[in-house]
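> Could you look at this predicted model? Sequence included:
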Amino acid sequence: MKKAFCMFICVAFLFVTSFSFNTVVFAAQSENIEKTQLGTSTTYYEYNATSKTLTISGTGAVPDMKNNESSQPWYNWRSDASIANVVVDEGVTAIGNYCFFGVSAENFSIPSTLKTIGRYAFSSSGIKSADMPFGLTSIGNYAFDACTELESITLPDTLKTVGSNAFRLCVSLEEISIPYSVKSIGSYAFDRCSTLSSVTFDDMTSDVSLGSYAFYDCPLLTDVTFPSRATFAKQVYGFGRNGAASGVSMHVYDGSDAHIYAVANGVDFTLRDGAFPLMFGVQNTVVYTEDNLSDGYAFTFTPEFTADYNFYSRGDCDVKVQLYCGDVLLGESDDISSGDRNFCITAQLEQGTAYVFKVFSMHSEGTATVILYPDVINSFDVYGSLEFNAEDGFRSSSVAYFPVVNSAISDFVLDVHFEGGYSDKIYYSAGYFNNKQISIADTQNTETFTCGANTEKIAIGDVKGDFTVFVNHTYISEVVDYTLYEDGYTLYTCILCGDNYKTDFVPTPAVTVSGRCVLMTHPNGSYSNDYPLDNVTVTLGDETYTTDRNGEFSFRTFASGELTLQSPYCDSIKLNVLQKKDSNFGVIPLAAYDFNRDGYINGRDLAIFKTDFQSKLGKDYFRYAVNFM
């Protein structure tokens, strides 16, 4: 018995120690991480240990990762409270697979530039709420799988696909609104969302495809209204791990796939009256084939405030509309113009009154979308900017015009603010919108662009919104040679605004040669009376200068060699000018007493001085000449 007990203890000890050896505990991240490239992408990450913030920056897509240490940079400290905040900067367009898998942060900042979310991108993270940006088109498989803290998420009406298992086990998510743009919800997308109690589809005409088990085992989700053209796979709704759920009902349209699904699976249902509710900005779809050309689509609307409203169509199907209040026909509309077979009806509708818009085909097969907005647009914001180089401008005379064209701004987002407080985001598209034309209100004829930030406008009818056009300098170069007084350089000048800068300086080889000529008073070179000698000829090579009234000379020159100084009253002297070096000779005394230029200073010079020069030079000038006689 003791032996058996000892063996049990040994086995238990080995089991415990084996388990402990396989358990890896990572230390919390306590040091800042400088900006670091993510793979070979143009995106980067950095970490601030003080604020516990992980920041993703750059442009384009954050690369796909795997759920391991070598692939996800923050793998070892993602779930130990090291990361409290995640900021994804503007410019990032995609969050790759497994990017934030297991990251325990609650606060995530999502950029408006985001287009796609990859597989497992936020799975098992601590994200608590998310407002997905306009422009997001797809949410990948398992993207938010097991995000148990996720309480709310807003999906934009640019979203097209929700991947399989995308929100599986989001046990804190209570409601979800599916935009009209969504065409596919994958299998198990909302599997086991145990507190999900409300699912609404913005568009009751939607042809959204619902994958198998999309709303599987959601015990609080007991009543859903499904779109008329939604398609159903296996056990989409009303089933759980224990089979068919009790107390579950559906609101369906007669003859729809939802109706067939309810009957086939024994789910209680209520037939809707065939009219589709209208919501502002929702693109409801009407489809006409040979089988239903004579049928009409009815849309109901009860305004919350009295105002003028526009109900209009877009698409390739020729349709018309009739507006009713009860049985009273209030108005109808067919073609917008001879060139546009769509309709638009504008009417003042009273608060709290129920209206019906009936849409009919004009014997035309095809598809059209119908949309309702308040007529009055108060303002709109433009999200987007353009960038050109100065050389991109087309020049007419001295003015440059830049190609601000529709194709260049097709991805701009307009946030339109209507009367009554409603706002809606749309992509810029030149043409018809809410009974008005959208176009570029080009201001370049009156406000020409220059380098830097410029303002351009988009117009919706009479209402205008600004966006920024950046123009970068385009420089042309000119080589400027050095001169006597300035270094050489290359001058770069912008062809548009004239901004300029200099580079590639070439020092001028010119030197300054200077000095001051005075009267020598003794053969030893002294000049006690400091008498300035003007009109001394200064010669260097082919260059000749003369001293001024103060006896001074100064000039710039490229030459070097012997400098000759010649006074009219003395022999010349020579000085050496060095190449590439300034030469300041200071005071230069000259024995300028030989007025008759015979090589001697004697009485003849004195006589000449008295008769010809004394009045000019002063009587004291010649008194030192005796020292040279």
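That came through, no problem. Numbers count the residues shown, from 1 in each chain.
> Any regions of this protein where pLDDT drops low?
By pLDDT under 70, the low-scoring segments of the chain are 1-26.
> middle-most residue in it, spatially?
Centroid-nearest residue in the chain, with Cα atoms, centre = their mean: Gly91, separated by 5.7 Å.
> I'd say His417 and Asn378 touch.
Yes: contact criterion Cβ atoms under 8 Å: His417 and Asn378 qualify, at 4.9 Å. C-beta coordinates here come from the backbone N, C-alpha and C atoms, glycine included.
> In terms of packing, which of the two has more residues around it?
Using other Cβ atoms under 10 Å as the criterion, His417 and Asn378 rank with His417 on top: 17 against 13.
> ok, for Thr493, nearest residue in space, not its chain neighbours?
Among residues not flanking Thr493 along the chain, Asn500 sits closest, at 4.3 Å (Cβ to Cβ, 6 or more residues apart in numbering).
> I'd like to know how far that neighbour sits from Glu149.
Applying Cβ to Cβ, to the nearest Å, the value for Asn500 to Glu149 is 58 Å.
> measure Thr158 to Phe380 for me?
In terms of Cβ to Cβ, Thr158 sits 17 Å off from Phe380.
> Sorry, wrong one. I was asking about Gly58.
Per Cβ to Cβ, Gly58 is found 29 Å from Phe380.
> Quick check on the two: which one has the bigger neighbour count.
Neighbour count, other Cβ under 10 Å: between Gly58 and Phe380, Phe380 has more, with 22 against 19.
> contacting residues around the more buried one?
Contact partners of Phe380, counting by Cβ atoms under 8 Å, 6 or more residues apart in numbering, are Leu414, Asp415, Val416, His417, Ile458, Ile460, Val463, Gly465.
> any idea whether it is helix, strand or coil?
Recorded secondary structure, Phe380: strand (DSSP: H, G, I helix; E, B strand; the rest coil).
> where's Leu150, which helix or strand?
Under the criterion DSSP states H and E, no helix or strand holds Leu150.
> Count the residues that sit near the closest residue in space to it that isn't next to it in sequence.
Excluding the flanking residues, the one nearest Leu150 by Cβ to Cβ, 6+ apart is Cys170, at 4.8 Å. Cys170 has 26 neighbouring residues, counting by other Cβ under 10 Å.
> May I see the buried residues of the helix or strand hosting Gln322?
According to DSSP H and E, Gln322 maps onto strand 319-325. For strand 319-325, the neighbour count (16 or more other Cβ atoms under 10 Å) marks Val319, Lys320, Val321, Gln322, Leu323, Tyr324 as buried.
> For the closest residue to Ile608 other than its chain neighbours, list the residues it contacts.
Leaving aside its sequence neighbours, Ile608 sits nearest to Phe595 (Cβ to Cβ, 6+ apart; 4.2 Å). By Cβ under 8 Å, 6+ apart, the residues touching Phe595 are Tyr569, Asp605, Ile608, Phe609, Asp612, Phe613.
> Among these, which one has the most neighbours?
Counting neighbours by other Cβ under 10 Å, Tyr569 leads the contacts of Phe595 with 24 neighbours.
> any idea how far the residue nearest to Ile608 lies from Pro532?
Phe595 is 18 Å from Pro532, where distance means Cβ to Cβ.
> same thing with Gly163?
Gly163 is 97 Å from Pro532, where distance means Cβ to Cβ.
> likewise Asp316?
In terms of Cβ to Cβ, Asp316 sits 99 Å off from Pro532.
> Among the two, which residue is more densely surrounded?
Shown here are Asp316 and Pro532; by other Cβ under 10 Å, Pro532 has more neighbours (17 against 11).
> quick one: that one and Asn550 touch, right?
Yes: using Cβ under 8 Å, Pro532 is in contact with Asn550, at 5.0 Å.
> can you list residues touching both of these two?
Overlap of the contact sets of Pro532 and Asn550 (by Cβ under 8 Å, 6+ apart) consists of Arg516.
> before we move on, back to that, got TSV for the contacts of Phe595, with distance to Phe226 too?
Below are these laid out as TSV (distance: Cβ to Cβ, whole Å):
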residue	distance to Phe226
Tyr569	120
Asp605	128
Ile608	128
Phe609	127
Asp612	126
Phe613	123
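> ok, so of those, who is nearest Gly135?
Relative to Gly135, the closest of the contacts of Phe595 is Tyr569; by Cβ to Cβ it sits at 92.9 Å.
> Could you pull up the residues touching the closest one?
Ala592, Tyr593, Asp594, Phe595, Arg597.
> try 10 Å this time
The neighbours of Tyr569, taking Cβ atoms under 10 Å, 6 or more residues apart in numbering as the test, are 519, 533, 535-536, 590-597, 601, 605, 608-609, 613, 617, 621, 625.
> cool, and Ser124?
When contacts are counted by Cβ under 10 Å, 6+ apart, Ser124 touches 67, 78-79, 100-104, 142, 144-148, 169.
> that's a helix at Val626, yeah?
Yes: Val626 sits within a helix when classified using three-state DSSP.
> now it: how far from Phe380?
Val626 is 102 Å from Phe380, where distance means Cβ to Cβ.
> From start to finish, how long is stretch 306-324 in a straight line?
One end of stretch 306-324 sits 16 Å from the other (Cα to Cα, to the nearest Å).
> ok now that stretch, how far from the chain's centre?
For stretch 306-324, the separation from the chain centroid amounts to 37 Å (computed by Cα atoms, centre = their mean, to the nearest Å).
> Then stretch 214-222?
Centre to centre, stretch against its chain (Cα atoms, centre = their mean), the figure for stretch 214-222 is 41 Å.
> can you give me the end-to-end distance of that stretch?
So stretch 214-222: terminal residues 14 Å apart, Cα to Cα.
> same thing with stretch 410-430?
End-to-end distance for stretch 410-430: 8 Å, by Cα to Cα.
> buried set for it?
Buried residues in stretch 410-430, counted by 16+ other Cβ under 10 Å: Phe412, Val413, Leu414, Val416, His417, Phe418, Asp424, Lys425, Ile426, Tyr428.
> Make CSV from those and add distance to Asp291 and secondary structure to it.
Listed next are these as CSV, based on distance: Cβ to Cβ, whole Å; DSSP: H, G, I helix; E, B strand; the rest coil:
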residue, distance to Asp291, secondary structure
Phe412, 40, coil
Val413, 39, strand
Leu414, 38, strand
Val416, 37, strand
His417, 42, strand
Phe418, 37, strand
Asp424, 34, strand
Lys425, 36, strand
Ile426, 33, strand
Tyr428, 37, coil
